[in-house]
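In: model the structure of this input:
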Amino acid sequence: MGVIVAAGLLSHVPSIMLPEAERRQRYAGRDTSFPQALQGIYRERIQPATFDTFIIFDTHWFTTRGFVVNTQEHLAGIYTSDELPGTLHDMAFDYRGDKMLGEAIVDEAQKIGLRCEGANYQGMALHYPTLNLMHYLNPQQEHRVVSVGVCQTASHERNLELGLAIGRAIQQTDRRVVILAAGGLSHRFWSYDDMAAHSSPDPAHVSSETNRAYDEKIIDLLKRGEHASVIKLVPDFRATCSPEGFFAHYSMLAGALGGEACRARAAQYGEYENAIGTGQAMLWFPL
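Out: Numbers count the residues shown, from 1 in each chain. Predicted coordinates:
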C-alpha cells in the first residue's frame with residue numbers, strides 16, 4: 001500500500017533561480033531566505049527520506065473545465081517563462097513521470113464524481129512552480145514527478161475532494177510520495193509604478209496589513225497543526241486576500257492529508273517574506 005511520507009507548502013518565487021549577487025541587487029542589498037530554506041529542506045528532509053514520486057500542485061497551471069493531471073512517462077524539455085523571460089529562461093529539465101500514479105488519481109477522482117482527466121500529450125508544458133522546486137529538491141532527477149493543475153473554476157470544497165481522491169489513489173498503489181503545494185499565500189502585487197519601492201523581502205512591504213495579518217495567522221495555525229481551523233478559513237481567505245491559485249494548492253494538500261482530521265505541524269524554513277506585494281513562506285509537514 002502506498003503512503004504520503006511528507007508534504008510541503010512552498011514558495012516558488014522566481015528569484016530563487018537567480019545568483020545571490022543578482023538577488024541582492026534586486027532586493028536593495030538584502031537577500032531572500034528562500035534558497036537556503038530549500039537547501040535545508042533538501043538536506044534535512046528529502047535526502048534522508050525513502051520515496052518514489054513528487055506530486056506537485058502547480059499554481060501556475062490553470063485549467064477551466066475540470067481537474068487535469070500530467071500522466072506523461074517522461075517530462076523533458078527547455079523552459080522559458082513568458083511572464084519573466086529575463087529571470088527564467090533556457091532551463092533544461094528531464095524527469096521521469098509517473099503514469100501509473102497519475103492515472104490512478106484520475107480514476108479515483110472520477111469515482112467520486114469529479115471531472116478529471118489525464119494529460120499525456122507531446123508538448124505538454126510544465127510551469128515554473130514545478131521546475132523551480134524540482135531544481136532544489138530533485139537535483140539528481142531520481143524521483144518521479146506528477147504535476148497537477150489548479151482548476152480556476154473549482155470551489156474550496158471541490159479542491160478538498162480532489163485531495164481526498166489523491167490520497168486514496170496513493171494508498172492503492174505501491175508508491176511512496178512527497179506532496180508539494182507549490183504556491184504562496186496572499187497574492188496581491190504592487191502596481192507597476194509602486195513595485196520598485198517595495199522590492200525588499202521584508203514583510204513590511206506586503207501589499208496590505210490585512211493580507212500580512214491573515215498570512216501570519218494561517219502560518220501560525222499550520223505550525224500548530226490546526227488544519228481544521230485553516231480549512232474553515234479558506235473561503236474567507238480567498239475572498240479577502242486573493243491568495244495564489246485561490247489557495248487550491250493548500251486545499252488539495254489538506255484533502256490528501258485527511259482534511260479536518262489532519263494534525264501535521266508545519267516546520268517553517270526561512271522567513272515569512274514579501275515578494276512585490278505577495279506573502280510567501282516555506283512550510284514543511286513531516287508525517
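
In: so Ser147 sits in a strand?
Out: Yes - judged by DSSP: H, G, I helix; E, B strand; the rest coil, Ser147 forms part of a strand.

In: tell me how far it lies from Gly184.
Out: 17 Å (Cβ to Cβ, to the nearest Å). All C-beta spots, glycine's among them, are computed from the backbone N, C-alpha and C.

In: who has more neighbours, the two?
Out: Each of Ser147 and Gly184 has its neighbours counted (other Cβ atoms under 10 Å); Ser147 has more, 30 against 24.

In: need the next SSE after the one helix or strand Ala7 maps to, C-terminal direction.
Out: Using DSSP states H and E, Ala7 sits within strand 3-10. Following strand 3-10 in sequence order, the next helix or strand is helix 20-26 (DSSP H and E).

In: outside of that next one, which residues touch it?
Out: Under the criterion Cβ atoms under 8 Å, 6 or more residues apart in numbering, residues 15, 18, 30-32, 35, 199 lie in contact with helix 20-26.

In: re the thing from before, quick one: mean pLDDT for the strand holding Ala7?
Out: Strand 3-10 shows a mean pLDDT of 99.

In: what are the buried residues along that strand?
Out: Across strand 3-10, burial judged by 16 or more other Cβ atoms under 10 Å covers 4-10.

In: what strands line up against it, and which way round?
Out: Sheet pairing of strand 3-10 (DSSP bridges) gives strand 176-182 (parallel), strand 278-286 (antiparallel).

In: ok, and what's touching it?
Out: Residues from elsewhere that reach strand 3-10, judged by Cβ under 8 Å, 6+ apart: 38, 41, 45, 49-51, 133, 167, 170-171, 176-183, 222, 249-250, 253, 256-257, 264, 266, 281-287.

In: quick one: that strand to chain centroid distance?
Out: How far strand 3-10 lies from its chain's middle: 10 Å, per Cα atoms, centre = their mean, to the nearest Å.

In: before we move on, what about stretch 157-170?
Out: Put simply, stretch 157-170 sits 16 Å off its chain's centre (Cα atoms, centre = their mean).

In: what's next to that stretch, contact-wise?
Out: 2-4, 55, 67, 101, 104-105, 107-109, 111-112, 114, 116, 148, 151, 154, 177, 179, 231, 246, 248, 251-259.

In: with just CA atoms, put stretch 267-282 into CSV.
Out: Output of stretch 267-282 as CSV, limited to C-alpha atoms (Å, rounded to 0.1, in the frame of the first residue of the first chain):
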residue,chain,number,x,y,z
ALA,A,267,8.2,23.3,10.4
GLN,A,268,9.0,26.7,8.9
TYR,A,269,12.2,27.1,6.9
GLY,A,270,13.3,30.6,6.2
GLU,A,271,11.2,33.7,7.0
TYR,A,272,7.8,34.9,6.1
GLU,A,273,8.6,37.3,3.2
ASN,A,274,7.3,39.8,0.8
ALA,A,275,7.6,39.3,-3.0
ILE,A,276,6.5,42.5,-4.7
GLY,A,277,3.4,42.6,-2.5
THR,A,278,2.6,38.9,-2.1
GLY,A,279,3.1,36.9,1.0
GLN,A,280,5.4,33.9,0.8
ALA,A,281,6.6,31.1,3.1
MET,A,282,8.3,27.7,3.2
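
In: coming back round to it: restricted to helices, list the contacts of stretch 157-170.
Out: Members of the contacts of stretch 157-170 lying in helices (criterion: DSSP state H): 101, 104-105, 107-109, 111, 231, 248, 251-256.

In: what's the closest of those to Pro129?
Out: Ala248 (12.2 Å; Cβ to Cβ).

In: okay, now that closest one: neighbour count?
Out: Neighbours around Ala248, by other Cβ under 10 Å: 31.

In: ok, it - contacts?
Out: Counted by Cβ under 8 Å, 6+ apart, Ala248 has contacts 57, 59, 150-151, 154, 156, 159.

In: now render those as a markdown table, adding pLDDT and neighbour count.
Out: As requested, these are exported to a markdown table (pLDDT from 0 to 100; neighbours: other Cβ atoms under 10 Å):
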| residue | pLDDT | neighbour count |
| --- | --- | --- |
| Phe57 | 99 | 29 |
| Thr59 | 99 | 25 |
| Val150 | 99 | 27 |
| Cys151 | 99 | 25 |
| Ala154 | 99 | 22 |
| His156 | 99 | 21 |
| Asn159 | 99 | 27 |
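
In: narrow these to those in strands?
Out: Among the contacts of Ala248, the members found in strands (DSSP state E) are 57, 59, 150-151.
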